[in-house]
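# just need the structure, nothing else, for what follows:
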Amino acid sequence: MFRRELPSDEGLLFVTKSESVVNTTIHMFFMRFSIGVVWMDKRGVVVHKALAKPWRPAYAPAKPAQYYLEANVDILERVQIGDVLTFEE
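Numbering: from 1, shown residues only. Below is the predicted model:
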């Protein structure tokens, strides 16, 4: 929130304790630009993705998710529903 832009090589990965629709719903209040959001289940399978626009009250995944990635909108072109994403520390 409150940033003016998000570089294409940056994003935030959120991890919840279990799969849920409610616990992985986001809002876009106080955002100045759109972001791409990708939701994944406990195995890292992409279950939903959306273009989240500024000042919208809520975006929720179509299926329960345990992880979600908020990134530059170009992530939506690179990731498809059904893809498996892995992350390394």
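
# is it true that residue 39 touches residue 65?
Yes: in this structure, residue 39 is within contact of residue 65 by CB atoms under 8 Å, at 3.7 Å. Where C-beta positions appear, they are placed from N, C-alpha and C, glycine not excepted.

# give the rounded mean pLDDT of the longest strand anywhere in the chain.
Under DSSP state E, the strand in the chain containing the largest number of residues is strand 11-20. Average pLDDT, strand 11-20: 96.

# export that strand to CSV, keeping only CA atoms.
Below are the C-alpha coordinates for strand 11-20, written out as CSV (Å, rounded to 0.1, in the frame of the first residue of the first chain):
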residue,chain,number,x,y,z
GLY,A,11,6.2,-9.2,-5.4
LEU,A,12,4.9,-10.5,-2.0
LEU,A,13,4.2,-14.1,-1.3
PHE,A,14,1.6,-14.6,1.5
VAL,A,15,1.4,-17.9,3.4
THR,A,16,-1.7,-18.9,5.4
LYS,A,17,-2.0,-21.9,7.9
SER,A,18,-4.4,-23.8,5.7
GLU,A,19,-6.4,-23.6,2.5
SER,A,20,-9.2,-21.1,2.6
